[in-house]
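Student: got a sequence here, can you model it:
(3 chains)
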Amino acid sequence: MTAIDDAAGAASDNAGTTTGTAAGDWELVVGLEVHCELATETKIFCGCRNGFGDEPNTNICPVCLGLPGSLPVLNRGAVELAMRLGTALGCTVVPSVFHRKNYFYPDMPKDFQVSQYDRPINVDGRLVLPDGWVVGIERAHLEEDTGKSTHVGVAGDSRAARIHEAAHSLIDYNRAGVPLVEIVSRPDIRTAEQARAYVNELRAILTATGASDAKMEEGSMRVDANVSVHRPGQPFGTRCEIKNLNSVRSLGRAIEYEMGRQIELLEAGTRIVQETRHWDEDAGRTRPGRNKEEAEDYRYFQEPDLVPIEPGADWLAAVAASLPSLPAERRQALAARTGVTPPDVALIVERDLDGFVLDALEAGGPADRLLVHATNNLVDGAGAMTPAGFAELARSEAGGALTATQAKAVLAELVTTGGDPGAIAAAKGFEAMGDDALAAAVDAAIAADPAAWEKFKAGDRKVTGFFVGHVMKATAGKADGKAVSALLAQRAGGG
Amino acid sequence: MTTTGSDAVTIAADVRAGRRRALDVLEEHLAAIDAREVDIHAFNLVLADEARAAAAAVDRQVAEGRDPGPLAGVPIALKDNLCTRGIPTTCSSRILEGWRPPYDGTVVARVAAAGAVSVGKTNLDEFAMGSSTENSAFGPTHNPHDLTRVPGGSSGGSAAAVAAGFAPISLGSDTGGSIRQPAALCGVVGIKPTYGLVSRYGLVAFASSLDQIGPFATTVADAALLLEVIAGHDPMDSTSIDRPAPSLVASIGEGVEGLRVGVLTELVDAEGVAPDVRRRVTAAAEALAAAGAKVDDASVPAAGLGLSAYYLIAPAEASSNLARYDGVRYGLRVDAANTADMNAASRTAGFGPEVKRRIMLGTYALSAGYYDAYYGKAQQVRTLIIRDFAAAYERFDLLLGPTAPTTAFRLGDKTADPLAMYLNDVCTIPSNLAGDPALSVPFGSGDDGLPVGVQLLGPALSESTLLRAAAVLEAAVEEER
Amino acid sequence: MTREDVIHVATLARLSLDDEELDRFTVQLAAVLEHADDVASLDTEGVPPTSHPFPLVNVLRDDEVRPSLDRDEVLAAAPAVEDRRFKVPPVLGEAP
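Tutor: Here you go, the predicted model:
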């Protein structure tokens, strides 16, 4: 498939959807290559633990250390996680083989990487962003990770140095042989925002399927971006591959920077050179990678020590049947139940809180309060709180028994300790103010600043906050802000 | 040539029955080593102390009424490309000098569990690349029948050790003939099993899709016994055939009555096959016919392409398998200013010329622009060879041909001309490419009085049939004497 | 196979060859490739390649942890070690 065909494919998939077009008369094209460590117990070709942060060189054996005479045996768990992911991405799971990619690098024990080359396990899928934009998935294949190098600076300075400043390097092979899946998108992404959304959605799918914990900060998810720009209607431009992207934020920044760099060059009449560039987070720019000492010639050939994977119909059916409900379906389900749009509940689903919220809805919690709290106040999950407790809290708040501020405080404690929201509120001394007491407090505030009140009466609603703050202070936060606003409006209207 | 006058079957039976002590058997063999090893150089390392401890353990088991296993007290020599835990495993290469594997290869563990006593690690062409054992970094092995001649290779040390009576049995590896050709040149039995019958775990790889471990022995029965011990599925080798290990010893005397034997014309007429060798093949065909086999001429046309295909595939896989010797994790390091230069300095100092030649050849065959013409094409030729063999096996139960083109040649005769050396493998290579079993059994002598081996080839997992036919030839040559 | 090919291949294979070796290898490798011309020039249209002589599929192991090696034993075999890691001279290029 050529790049132009790809563009046509994406365009038809995304017909009727607004394309985000770059500033000026340039269109951005991005394809992403995402490497994810699979969440297996053991490595892809041996029984060493697949662990993060263990003592250096403790999870090593003859196989993952590439000792003479050792042979790989494929981990069924890695294959099944790759099949789960592929199925979740709508890929066709096909018969596949492994190849050797030959190049010398000290963190690679055999000096070749075992990877899937022209016959990958998953092909031709799609990932639908929460807003409906469709990004094609070319392939999602299995391969082994490399070890980890630490570059050590000169004169005994043991702090990590940049590679070109290093006096020597130290290698830990714990990560060598950890199973990876590389997910290669088609160049269907048109904005930096879509790129971020793609990575977030992919991460949601990876965690939902149990394929990976997908933590960019721990390196269990690594993203490379192929970026090019072109005039609308023209063929795609020459692309550059951006590496060293350590967060979704860096990804967005790097794409925007790179787009600007390429447009500037093209407008100055300079051609783009196809190359690998590294994102420098501190400098906020991409830089060319260091030149290879030798031409790339990986001499791929089929790995003779491994045999083909041929998933039969039964195996495929079992994998498909074991898949959980995926983020897109879950967003749809929660949105339908609560009367909002799927993007509105994206964060809740991403945090795996949608089931909890649905249970709280069943227990009689009001949708709007549940969604607000699940979105804003349950960043680390529901903790010890039960759905029933969550529902009761939301009901109390909606009924005016607790103010928003009080509800938030009770919620925090519920998450930590569990228990009954009513009892927690009582223990904190949160009791709803009687209507009379509230009215008295509002009247006192009006009386305290007649000039401001005149403004309010004249329609200047900017001073609302002033009065609400005054009442809050006077009632030590017990007043409900909304009730105060309503009373103020009533008093102003009543003359 | 056996000086201790005892085969593995007899030794194991005697030791198990308590008629003989394993330690006494071992001492007889160590004495033979003491007497002739200095001239032959079959070993990179003799493990006298370890062997005495192992033999004593076998004797204790017998004394305690336990069965040490089918190889009870049988001395065995191990090719020095089989990983032995804590014991140097060099592949006769400077690059691995002093390296002690932290694990035992599967076959090493299996022979030990069967009661065999390892007497040493045998010499080989560096990384099993060669046909004369002259490519060893530690000096050549000499043929026990004539010290001025090569023992063949690459498992020359294992073949010579058995021929010299240093051990009744030994293990070698065969990628293009490295068991069968030295077996022929040293006058012993050697088997290359079906690819996947014997686990490769712990065999330092040369060419992964061709390598197989197999036995050397002075008798067909001993070879069958050893193969029976090492054969069978191993979960550590993905290419290991997941079937019960075949019974080989029991059926060895069943003869060849009614078997269809094809004399493989492509091997008999192959480049460089000497008339005296050809005559022994004819004699073997007659012996099989006399024993009741139906003998006819057979043809496997694509076998003629075997040598060329092999010298593209094997170096290609080797170039990748040997990349790991980079001076980072184990073995030789020659320091340099950066890692790439250190890799190159270490590899340049650590590998001998033949290994470098094959790495170069293989790297070229896989490189951009040449893959299709060389490696890709060779893999297709492999398919053609497999098809032609399959067609031949519809008409024949087994095939017969020479093992090596000539008897043992003189040390130094072929070292200057790699292609001439490669031609030694012309008759043995097709079986490796097809993955089928083949064996070499001694069948008399050439005009120079040196041993000639004939080769029996069969379809996958036909070892039992091959051994039956080999036993018939073994008996026939006894009678000839 | 030209002398330039030999130089290129030696670089890919991380081998340093002196002039004499370059000349010798150029001649020797060319001879082997010339012999291989019967294969290289063969019409194999439609013939599938064979990678495994004994066809097997789906050889898999269960995802269960097995003991790893003792670190000290492994590091003892290494040419250079520092801070529980394998030590190498500076690495010039980035990994691909």
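Student: could I get the pLDDT score of residue 69?
Tutor: By default, I'm working from chain A. At A:G69, the pLDDT value in this model is 98.
Student: wait, chain C
Tutor: pLDDT, C:L69: 97.
Student: wasn't it part of a strand?
Tutor: No: counting by DSSP: H, G, I helix; E, B strand; the rest coil, C:L69 is not part of a strand but coil.
Student: what about it, how many residues nearby?
Tutor: 20 (other Cβ atoms under 10 Å in any protein chain shown). Every C-beta, even on glycine, is put in place using the N, C-alpha and C of the backbone.
Student: contacting residues for it?
Tutor: C:L69 makes contact with A:60-62, A:65, B:102-103, according to Cβ atoms under 8 Å, 6 or more residues apart in numbering or on different chains.
Student: and B:L185, what does it touch?
Tutor: B:L185 touches B:143, B:149-152, B:159, B:404, B:407-408, B:450-451, B:453, counting by Cβ under 8 Å, 6+ apart.
Student: possible to save the residues you listed as a markdown table with distance to B:R110, pLDDT and neighbour count?
Tutor: What follows is the contacts of B:L185, written out as a markdown table (distance: Cβ to Cβ, whole Å; pLDDT from 0 to 100; neighbours: other Cβ atoms under 10 Å in any protein chain shown):
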| residue | distance to B:R110 | pLDDT | neighbour count |
| --- | --- | --- | --- |
| B:N143 | 29 | 98 | 31 |
| B:R149 | 33 | 98 | 21 |
| B:V150 | 30 | 98 | 29 |
| B:P151 | 25 | 98 | 35 |
| B:G152 | 25 | 98 | 35 |
| B:A159 | 21 | 98 | 38 |
| B:A404 | 29 | 97 | 30 |
| B:T407 | 33 | 98 | 26 |
| B:A408 | 31 | 98 | 29 |
| B:L450 | 33 | 98 | 20 |
| B:P451 | 29 | 98 | 26 |
| B:G453 | 26 | 98 | 31 |
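Student: out of the residues you listed, which is nearest to B:D417?
Tutor: Using Cβ to Cβ, B:V150 comes nearest to B:D417 of those, at 14.3 Å.
Student: that closest one reaches B:S136, doesn't it?
Tutor: No: B:V150 is not in contact with B:S136 according to Cβ atoms under 8 Å; the separation is 11.2 Å.
Student: on that earlier part again, now, the contacts of C:L69 that are in helices?
Tutor: Of those, none are assigned to helices by DSSP state H.
Student: now which of these would you call buried?
Tutor: A:60-62, A:65, B:102-103 (16 or more other Cβ atoms under 10 Å in any protein chain shown).
Student: I'd like those residues written out as CSV, with distance to chain C and pLDDT added.
Tutor: Below are these laid out as CSV (distance: Cβ to the nearest Cβ, whole Å; pLDDT from 0 to 100):
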residue, distance to chain C, pLDDT
A:I60, 6, 98
A:C61, 5, 98
A:P62, 7, 98
A:L65, 7, 98
B:P102, 5, 97
B:Y103, 8, 97
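Student: residue ranges with poor pLDDT in chain B?
Tutor: Scanning chain B for pLDDT under 70 picks out B:1-5.
Student: quick one: the strands in it?
Tutor: Per DSSP state E, chain B has strands spanning B:43-46, B:75-79, B:117-122, B:169-174, B:189-192, B:212-217, B:260-264, B:294-298, B:398-402, B:438-445, B:451-457. These are given in chain order.
Student: and for stretch B:48-56, what's in contact with it?
Tutor: Residues contacting stretch B:48-56 (Cβ under 8 Å, 6+ apart): B:21-23, B:25-26, B:30, B:73, B:75, B:87, B:112, B:117-120.
Student: and for stretch A:223-236?
Tutor: A:3-4, A:7, A:21-22, A:25-35, A:187, A:195, A:199, A:216, A:237-243, A:245, A:251, A:254-255, A:258-259, A:262-263, A:266, A:272.
Student: what does stretch B:286-303 give?
Tutor: B:255-267, B:285, B:381, B:384-385, B:387-389, B:391-392, B:395-396, B:399-400, B:430, B:443, B:469, B:472-473, B:476-477.
Student: narrow those to those that are buried.
Tutor: B:255-256, B:259-267, B:285, B:381, B:384-385, B:387-389, B:392, B:396, B:399-400, B:430, B:443, B:469, B:472-473, B:476-477.
Student: so what does the closest residue to chain C within the stretch 351-481 of chain B look like in phi/psi?
Tutor: With Cβ to the nearest Cβ as the measure, B:G435 is the residue of the stretch 351-481 of chain B nearest to chain C, at 2.3 Å. The phi/psi pair for B:G435 (degrees, to the nearest 10) reads phi 80, psi 10.
Student: gap between the closest residue to it other than its chain neighbours and B:T239?
Tutor: Spatial nearest neighbour of B:G435, excluding adjacent residues (Cβ to Cβ, 6 or more residues apart in numbering or on different chains): C:P53 at 2.3 Å. C:P53 is 9 Å from B:T239, where distance means Cβ to Cβ, to the nearest Å.
Student: what is in contact with the two at once?
Tutor: What both C:P53 and B:T239 touch, as defined by Cβ under 8 Å, 6+ apart, is the set B:195-196.
Student: re the thing from before, so which of the contacts of stretch A:223-236 are also by chain C?
Tutor: Restricting the contacts of stretch A:223-236 to those touching chain C (Cβ under 8 Å from any Cβ of the partner chain) yields A:K243.
Student: burial of the closest residue to A:K457 other than its chain neighbours, as a residue count?
Tutor: Distances taken as Cβ to Cβ, 6+ apart place A:A492 nearest to A:K457, at 5.0 Å, with adjacent residues excluded. The number of residues packed near A:A492 is 15, by other Cβ under 10 Å.
Student: what's the pLDDT at A:A492?
Tutor: 83.
Student: go on, A:D25?
Tutor: 89.
Student: tally of neighbours for it?
Tutor: 10.
Student: quick one: contacts for it?
Tutor: Contacts for A:D25 (Cβ under 8 Å, 6+ apart) come out as A:231-232.
Student: any regions of the stretch 301-450 of chain A where pLDDT drops low?
Tutor: Looking at the stretch 301-450 of chain A by pLDDT under 70, you get A:432.
Student: chain C contacts on that one?
Tutor: A:302, A:304, A:306-311.
Student: among those residues, which are in helices?
Tutor: Per DSSP H, those never map to helices.
Student: how about A:G237, secondary structure?
Tutor: Per three-state DSSP, A:G237 ends up coil.
Student: isn't it up against A:V30?
Tutor: No: applying Cβ under 8 Å, one finds A:G237 not in contact with A:V30, separated by 11.7 Å.
Student: of the contacts of B:L185, closest to chain A?
Tutor: B:A159 (21.2 Å).
Student: can I get the contacts of stretch B:48-56 in JSON lines with neighbour count?
Tutor: Shown next, in JSON lines, are the contacts of stretch B:48-56 (neighbours: other Cβ atoms under 10 Å in any protein chain shown):
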{"residue": "B:R21", "neighbour count": "18"}
{"residue": "B:A22", "neighbour count": "31"}
{"residue": "B:L23", "neighbour count": "19"}
{"residue": "B:V25", "neighbour count": "25"}
{"residue": "B:L26", "neighbour count": "24"}
{"residue": "B:L30", "neighbour count": "20"}
{"residue": "B:G73", "neighbour count": "28"}
{"residue": "B:P75", "neighbour count": "33"}
{"residue": "B:I87", "neighbour count": "19"}
{"residue": "B:A112", "neighbour count": "18"}
{"residue": "B:V117", "neighbour count": "31"}
{"residue": "B:S118", "neighbour count": "22"}
{"residue": "B:V119", "neighbour count": "29"}
{"residue": "B:G120", "neighbour count": "28"}
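Student: hmm, which two among these are most spread apart?
Tutor: Greatest spatial distance among the contacts of stretch B:48-56 (Cβ to Cβ): B:R21 and B:I87, at 24.0 Å.
Student: returning to that earlier point: check the residues of the stretch 301-450 of chain A next to chain C and tell me the two furthest apart.
Tutor: A:P304 and A:P311 (21.4 Å).
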